[in-house]
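[1] Build me a model:
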Amino acid sequence: MSIEIRSKDFSITDALREHARRRMRFALDYFAIDRFRKVKQVVVRLGDLNGPKGGEDKFCRITAEVGHRTVVVEDVHSNLYAAISRATRRFAQTASRDLARTAGRARLLLESH
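    Below you'll find the predicted structure:
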C-alpha cells in the first residue's frame, strides 16, 4: 500500500508531509483497516482554497481504494495540521464501517447458501 501526499498551489514542508503520513498510518493501523490488504492506494491532497487571504480555508482530501470501493473524505480548517488530523480520523471511521458492512453482506451470502 502506498500513501501519496500531493499539494495544490503550495509546496509541502517535510513536517507537513510527515504529519500526514504518520496520521494516515496511525488511522490504518488503529482501525486494522489494512489487516487484510484491503487498502490499495491512498492519496492525500492538501490545499488552500482562498490563497493568502486566510480564514478556514485549508483542506485535506483523502481518496483511497478500500476493498472494491473508493472512499473520499475531506476536512477544512484554518490550521492544516488540524484538517489533516480530522480528515484521517473521519477516513478511518468511514473505511472501517464500510469494510464491516461488506463483511456482513458476505457473511449473509455464505449463510444463505
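
[2] Roughly how far does D57 sit from L28?
    Distance, D57 to L28, using C-beta to C-beta, to the nearest Å: 27 Å. (Glycine included, C-beta is placed from N, CA and C.)

[3] do the same with R90
    For R90, the distance to L28 (C-beta to C-beta) stands at 13 Å.

[4] Compare these two and say which is more crowded by neighbours.
    More crowded of R90 and L28, by other C-beta atoms under 10 Å: L28, with 24 against 17.

[5] So which elements touch the strand or helix carrying that one?
    Following DSSP states H and E, one finds L28 within helix 14-30. Helices and strands touching helix 14-30, by 3 or more C-beta pairs under 8 Å, 6 or more residues apart in numbering; DSSP states H and E, are strand 2-8, strand 39-48, helix 80-112.

[6] now the angle from the first one to strand 39-48?
    So the one you mean is strand 2-8. Angle, strand 2-8 to strand 39-48, by axes from the mean of the first three to the mean of the last three C-alpha atoms, to 10 degrees: 20 degrees.

[7] Pairing partners for strand 2-8, with directions?
    strand 39-48 (parallel) (DSSP bridges).

[8] Give me the buried stretch members for the partner strand, please.
    V39, V42, V44, R45, L46, G47, D48 (16 or more other C-beta atoms under 10 Å).

[9] got the contact list for the second one?
    Read that as V42. Going by C-beta atoms under 8 Å, 6 or more residues apart in numbering, V42 touches M1, S2, I3, E4, M24, L28, I62, T63, A64.

[10] which residues touch the last one?
    For A64, the contacting residues are V39, K40, Q41, V42, V43, T70, V71, F91, A95, taking C-beta under 8 Å, 6+ apart as the criterion.

[11] quick one, phi/psi of it?
    In terms of degrees, to the nearest 10, the main-chain angles of A64 are phi -150, psi 150.
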